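Student: quick one, what's the 3D model for this:
(one chain, ligands or ions: 1)
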Amino acid sequence: MQAQILPVPILLVAGFLGAGKTTVVNHLLAHAEGRRIAAVVNDFGAINIDAELIAGSSDGVVSLSNGCICCTLEGDLIRTLATLLRRDPRPEFIVIETSGIADPSDIVRNLMDPVIWKEAPLETVLCVVDATQPPAALNDALLRSQLRAADVVALSKVDLADAGARAAMREAIRTQRPAAVVVDANHGEVPAALLFPIDPDRMPEPRDVTPRRPATDRFETLSWTSDRRIVLPRLQQAIGKLAPKLARAKGLFETVEQPGRLTVFQLAGGRATLAAGGAPTPGVPRTRIVFIAEMGALSRAEIDAVMQGCVEAG
Ligand SMILES: Nc1nc2c(ncn2[C@@H]2O[C@H](COP(=O)(O)OP(=O)(O)OP(=O)(O)O)[C@@H](O)[C@H]2O)c(=O)[nH]1
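Tutor: Below you'll find the predicted structure:
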């Protein structure tokens with residue numbers, strides 16, 4: 001007798017640039033508690049930064065010691081899912097992190113492919129919303145489309161927002177998406193019970209998806225790499241100059257001040273942070289930064305000119 005193959009539920013994680021999606025996915029992977037989770041992370045530039053933040057490792061599939069795996073979405077989502085479903089052991093849950101500039105309804109439509117739906121039905125759409133942003137930010141068309149698709153909304157960065165701001169944001173979310181459950185996600189923590197099904201045999205209902213709207217290229221991504229090290233005070237000055245034009249930036253680099261180890265740089269919601277990263281990988285450029293801006297806000301020449309001034313002399 002052939003063993004029954006259980007469907008593998010999919011959790012889709014949406015949210016605006018820098019909202020905290022990777023932080024939620026990281027938390028899920030780090031607290032998998034025996035669940036074999038496969039995470040598909042989105043890489044928005046030529047540089048594979050998300051995967052590195054998750055596992056401290058690079059290229060393609062990363063296996064974690066707790067049985068979870070992680071891969072970047074390269075090209076076709078359906079093909080990536082088919083590859084994951086063929087793995088032995090098979091994942092029990094799949095988490096897909098969408099790009100911060102994606103309308104999730106496009107991905108939901110793809111996931112309703114009948115073959116994929118049978119094997120890996122979309123269980124939950126989670127939208128991560130930055131609690132430090134003003135509630136009016138939810139009026140943005142892209143954010144609205146992300147909220148509209150959500151079953152669960154996770155408020156991120158609640159540690160940085162006061163009670164009044166959090167309540168106002170919750171209210172604004174409820175107005176736009178009354179059907180969603182809204183929870184606080186402190187440093188990426190969302191209760192697993194809200195994201196994964198209790199009954200593995202129950203198939204989720206197919207979803208209504210709004211008709212496809214023509215895609216508009218609203219953001220552009222500019223990647224900058226160098227083999228030279230960053231001079232930190234110069235970078236801080238440069239980011240101050242570029243920040244008003246940026247929707248998001250993140251990077252990994254070695255600094256003159258701390259040679260031999262990487263620094264992780266993040267700019268999200270207008271807030272820049274630096275954190276310690278792992279060891280540099282031989283053969284990989286010392287400085288890798290991805291900048292995302294609204295179309296036309298920032299030119300490649302401007303990035304080049306500003307960033308050239310931030311690295312040590314050659
Ligand atoms: N203080 C605080 N910082 C957070 C929290 N969640 C996320 N962050 C920070 O916010 C920044 C962006 O978080 P990410 O998880 O990378 O955001 P993202 O949505 O995956 O970003 P993109 O994929 O680039 O759109 C990082 O510097 C995180 O450390 C939180 O709950 N509290």
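Student: which stretches in this protein count as strands?
Tutor: 10-15, 37-41, 62-63, 69-72, 93-97, 122-130, 152-156, 181-185, 219-226, 248-254, 262-268, 271-276, 287-294 (DSSP state E).
Student: which one, of those, ends up nearest to the ligand?
Tutor: Of all these, strand 262-268 sits nearest to the ligand, with 3.4 Å by Cβ to the nearest ligand atom. Quick note: C-beta positions are derived from backbone N, CA and C, even for glycine.
Student: who touches the closest one?
Tutor: 17-20, 53, 130, 230, 232, 235, 239, 243, 246, 248-255, 272-280, 289 (Cβ atoms under 8 Å, 6 or more residues apart in numbering).
Student: change it to 7 Å
Tutor: Here strand 262-268 makes contact (Cβ atoms under 7 Å, 6 or more residues apart in numbering) with 17-18, 53, 239, 243, 246, 248-255, 272-280, 289.
Student: mark which of those residues are buried, thanks.
Tutor: Taking 16 or more other Cβ atoms under 10 Å as the criterion, what is buried in those is 17-18, 53, 239, 246, 248-255, 277, 280, 289.
Student: run through the stretch 101-250 of the chain and note the low-pLDDT ranges.
Tutor: 198, 200-201, 210-216 (pLDDT under 70).
Student: how far does stretch 93-101 sit from the chain's center?
Tutor: Computed by Cα atoms, centre = their mean, to the nearest Å, the chain-centroid distance of stretch 93-101 equals 6 Å.
Student: the stretch 101-250 of the chain against the ligand: which residues are in contact?
Tutor: Residues of the stretch 101-250 of the chain lying close to the ligand by Cβ under 6 Å from any ligand atom are 156, 157, 159, 160, 186, 187, 188, 248, 250.
Student: scan those residues and report the most crowded one.
Tutor: Within these, most neighbours by other Cβ atoms under 10 Å means residue 156, with 29 neighbours.
Student: let me see the contact set for residue 246.
Tutor: For residue 246, counting by Cβ under 7 Å, 6+ apart, the contacting residues are 267, 291, 292, 293.
Student: who wins for most neighbours among those?
Tutor: Top of those by neighbour count (other Cβ under 10 Å): residue 291, with 27 neighbours.
Student: identify the bridge partners of that residue.
Tutor: Residue 291 forms beta bridges with residue 222, residue 249, as assigned by DSSP bridges.
Student: if I look at it, how far off is residue 6?
Tutor: With distances taken as Cβ to Cβ, to the nearest Å, residue 291 is found 42 Å from residue 6.
Student: what do you get for residue 189?
Tutor: Noted for residue 189: a distance of 27 Å to residue 6, by Cβ to Cβ.
Student: then residue 168?
Tutor: 42 Å.
Student: of the two, which one has the most company?
Tutor: residue 168 (16 against 11).
Student: contacting residues for that one?
Tutor: By Cβ under 7 Å, 6+ apart, the neighbours of residue 168 are residue 135.
Student: make it 10 Å
Tutor: 131, 134, 135, 136, 161, 162 (Cβ atoms under 10 Å, 6 or more residues apart in numbering).
Student: need the residues you listed in a markdown table (columns: distance to residue 220 and neighbour count).
Tutor: Shown next, in a markdown table, are the contacts of residue 168 (distance: Cβ to Cβ, whole Å; neighbours: other Cβ atoms under 10 Å):
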| residue | distance to residue 220 | neighbour count |
| --- | --- | --- |
| 131 | 27 | 25 |
| 134 | 25 | 11 |
| 135 | 27 | 18 |
| 136 | 24 | 9 |
| 161 | 29 | 19 |
| 162 | 34 | 11 |
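Student: what bridges to residue 287?
Tutor: Here residue 287 sits in beta bridges with residue 226, residue 253, going by DSSP bridges.
Student: for it, give me its contacts.
Tutor: Counted by Cβ under 10 Å, 6+ apart, residue 287 has contacts 224-230, 235, 251-255, 262-263, 265, 307, 310-312.
Student: mind redoing it with 8 Å?
Tutor: Per Cβ under 8 Å, 6+ apart, neighbours of residue 287: 224, 225, 226, 227, 228, 229, 230, 251, 252, 253, 254, 311.
Student: how far away is residue 178 from the ligand?
Tutor: Distance, residue 178 to the ligand, by Cβ to the nearest ligand atom, to the nearest Å: 24 Å.
Student: for the ligand, what's its nearest residue on the stretch 51-200 of the chain.
Tutor: Counting by Cβ to the nearest ligand atom, the stretch 51-200 of the chain gets nearest the ligand through residue 100, at 3.0 Å.
Student: for the closest residue to that residue other than its chain neighbours, give me phi and psi.
Tutor: Closest residue in space to residue 100, ignoring its immediate chain neighbours: residue 17 at 3.4 Å, by Cβ to Cβ, 6 or more residues apart in numbering. Backbone dihedrals for residue 17, given as degrees, to the nearest 10, come out at phi -50, psi 120.
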